[in-house]
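*Asks:* sequence and predicted structure below; questions after.
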Number of protein chains: 2
Amino acid sequence: LEHFADRILEAVRAKRTPLVVGLDPRLDQLPKPLFERISASSDPLSASAQAFEDFSKGVIEAIADCAAAVKPQSAFFEMLGARGVEAFEKTCDFARSRGLLVIGDVKRGDIGTTCEAYADAYLGEVLAGKTRLRSGVCDAITVNPYLGYDGIKPFIKNCRGHGKGIFVLVKTSNPSSADFQDLKAAGAPLFEHVARAVDAWGAEGVGASGYSDVGAVVGATWPGLLTRMRELMPKALFLLPGVGAQGATAEDVAGAFDSNGLGGLVAVSRHVIFAYEREPFKSQIPAQRWTEAVARAAREITDNLRKVLGL
Amino acid sequence: LEHFADRILEAVRAKRTPLVVGLDPRLDQLPKPLFERISASSDPLSASAQAFEDFSKGVIEAIADCAAAVKPQSAFFEMLGARGVEAFEKTCDFARSRGLLVIGDVKRGDIGTTCEAYADAYLGEVLAGKTRLRSGVCDAITVNPYLGYDGIKPFIKNCRGHGKGIFVLVKTSNPSSADFQDLKAAGAPLFEHVARAVDAWGAEGVGASGYSDVGAVVGATWPGLLTRMRELMPKALFLLPGVGAQGATAEDVAGAFDSNGLGGLVAVSRHVIFAYEREPFKSQIPAQRWTEAVARAAREITDNLRKVLGL
């Protein structure tokens, strides 16, 4: 069973990109040809779930050769209830069949056996007695640290047992992440305490690559913090949201990477998946060929990251 | 559209109990007659989802007259993937049809439009253009505050627009809640900062009952903190897990209630729903009649709470 960090860094090296494309199917931003099928349907809920699946698969095909992984955002799929969750699962399976790793953006966190249930659901195996009911469809997921180690331990157990990974929210990309994450306790902001915990939790899960199966989410919107974060978590893979629509650039995230250009994963969603909505793609590419815009946007970001990181 | 706090306190008064029964269908603790159907099935995943639904409905029928609400734990349903989520939705619908409010224990939290998606999914309405696809199946949900106000605001918007509620994790019942929640910033533990925020977020959502649609999760395992929590959040409904299997008693939670015996909701899961596993029920009640044990356990707790709170 290969180690999660080793697997994803192998993909980064092979494809020469740390790009992770976020799959956020928003109903009001779907490509016109897909949205029209919903309005025309007599069962608009099922048609929406099918549109989410088709959209995600279209994006996956378009970006497969210039991204290391995809990051489906569970919230959008959950909007459609059970039918949406089915589309989430199919999307994950499809991505893996196309050689992409799947980082489920689920931000789960709970305690004890409840946390074990989440861990089994997304990363491990679900058993009824000795009968295997299903396996988790993700290679890694995002998790929330507010409940402390009780809310992390069951995920780590699954990482070690199944070659999976987690990314713990440390310092998130949004403005009000300051509300609690920046509060100073014993001279250091809360997020530094979480960072130290991430380092400790991951210490026994370091793979051949030198990186751990316990990673960290650090907003690319705080470039000034990345060096400090790297100091506190030398073995953690960083999942870096905020490039693109939230305003951060490839240059901003450079501090998160090691001298080989590894250690960071750049998560971009809207700027890639809805590229057909903006110029120059909007004028150049007809609506039916929306995946071309997606492919070109992903290629642009990957080219930029290659230059900045020397990959 | 009635206010969430008014609705749930009306149920508490009418049924004379602040009991909220947690629905945590664990595969290895299902009643024997239900579990046997899984092992006998050629499609054990669907059979498990059906067993979760039947179990939850059995519990709901058994406790409907001595609980104000149910609290289905999403993690266990998510273990079964899309089929499990379907069972979650059917469970919520069934509970509401039996006059119980539904507090979805989902502990979600994200930012911006992603958070809006969660809010719509569980509390609001999901639209494709002007077509309504589905409505949220919960009256309230639990949410995680780590991302700050950005991760709370969309939920509050749905509370105000749809007569729904949220319970923000403030101080959780587990031992390692101390890891981060107890860190001292500016002289007060983090959870007190979150408590003050909960009070502020809820200020404009107070109903006729005097309580807000922004509530707080406070572990009943910390009875010494409840008076202070009440001081910091005078308008918040407290969802109090930890009574029963985690060791807290009805007396422990008394400090969370006002002089009318209102303001707190006592969440009990295992001690009620798996009552058939323990004495005296185990010896007295045959496996086929497991719902009798559940009904008696819920009745006992409600009787205790009535005495302690004078309801």
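*Replies:* Alright, I've got the coordinates.

*Asks:* what about the residue sitting furthest away from the middle of chain A, distance to A:Arg160?
*Replies:* Computed with Cα atoms, centre = their mean, the residue of chain A farthest from its C-alpha average is A:Ser42, at 33.8 Å. Plainly put, A:Ser42 is 48 Å away from A:Arg160 if you go by Cβ to Cβ, to the nearest Å. The way it works is simple: take the backbone N, C-alpha and C, and place the C-beta from them, glycine included.

*Asks:* which stretches of the stretch 1-150 of chain A have low pLDDT?
*Replies:* Per-residue confidence of the stretch 1-150 of chain A (counting by pLDDT under 70) places no residue in a weak region.

*Asks:* over to the stretch 201-311 of chain A?
*Replies:* Using pLDDT under 70, nothing in the stretch 201-311 of chain A is flagged.

*Asks:* the helices in it, which residues?
*Replies:* Applying DSSP state H, counting those that start in this stretch to the stretch 201-311 of chain A gives helices spanning A:226-232, A:270-273, A:281-284, A:290-309.

*Asks:* need the contact partners of the third one.
*Replies:* What that stands for is helix A:281-284. Outside of helix A:281-284, the residues within contact range by Cβ atoms under 8 Å, 6 or more residues apart in numbering or on different chains are A:275-276, A:292-293, A:296-297.

*Asks:* any chance of those residues in JSON lines, with distance to A:Phe77 and neighbour count too?
*Replies:* Converted to JSON lines, these look like this (distance: Cβ to Cβ, whole Å; neighbours: other Cβ atoms under 10 Å in any protein chain shown):
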{"residue": "A:Ala275", "distance to A:Phe77": "21", "neighbour count": "27"}
{"residue": "A:Tyr276", "distance to A:Phe77": "21", "neighbour count": "22"}
{"residue": "A:Glu292", "distance to A:Phe77": "25", "neighbour count": "16"}
{"residue": "A:Ala293", "distance to A:Phe77": "23", "neighbour count": "24"}
{"residue": "A:Arg296", "distance to A:Phe77": "26", "neighbour count": "17"}
{"residue": "A:Ala297", "distance to A:Phe77": "22", "neighbour count": "24"}
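
*Asks:* of those residues, list those near chain B.
*Replies:* Judged by Cβ under 8 Å from any Cβ of the partner chain, the overlap between those and the neighbourhood of chain B is nil.

*Asks:* got the helices of the stretch 201-311 of chain A as a markdown table, with distance to B:Gly58 columns?
*Replies:* Formatted as a markdown table, the entries for the helices of the stretch 201-311 of chain A read as follows, by distance: least, Cβ to Cβ, whole Å:
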| stretch | distance to B:Gly58 |
| --- | --- |
| helix A:226-232 | 49 |
| helix A:270-273 | 44 |
| helix A:281-284 | 55 |
| helix A:290-309 | 48 |
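
*Asks:* what's near enough to touch A:Gly261?
*Replies:* A:Gly261 makes contacts with A:18, A:309-311, as judged by Cβ under 8 Å, 6+ apart.

*Asks:* A:Ala250 contacts A:Arg306, correct?
*Replies:* No - the pair formed by A:Ala250 and A:Arg306 falls short of the contact definition of Cβ atoms under 8 Å, at 9.1 Å.

*Asks:* and for the two, which residues touch both?
*Replies:* Taking Cβ under 8 Å, 6+ apart as the contact rule, A:Ala250 and A:Arg306 touch no residue in common.

*Asks:* between those two, which one's more packed in?
*Replies:* When neighbours are counted by other Cβ atoms under 10 Å in any protein chain shown, A:Ala250 and A:Arg306 differ, and A:Ala250 comes out ahead with 20 against 17.

*Asks:* burial of A:Val217, as a residue count?
*Replies:* Residues near A:Val217, counting by other Cβ under 10 Å, number 25.

*Asks:* how about the one 5 residues further on?
*Replies:* Summarising burial for A:Trp222: neighbours were counted as other Cβ under 10 Å, giving 19.

*Asks:* one more: A:Val308?
*Replies:* Taking other Cβ under 10 Å as the neighbour definition, A:Val308 ends up with a count of 17.

*Asks:* pull the contacting residues for the residue lying closest to A:Leu45 once chain neighbours are set aside.
*Replies:* If the residues on either side of it in the chain are set aside, A:Leu45 comes closest to B:Leu133, at 4.7 Å by Cβ to Cβ, 6 or more residues apart in numbering or on different chains. Shown here is B:Leu133, whose contacts under the criterion Cβ under 8 Å, 6+ apart are A:44-45, A:48, A:79-80, B:126-127.
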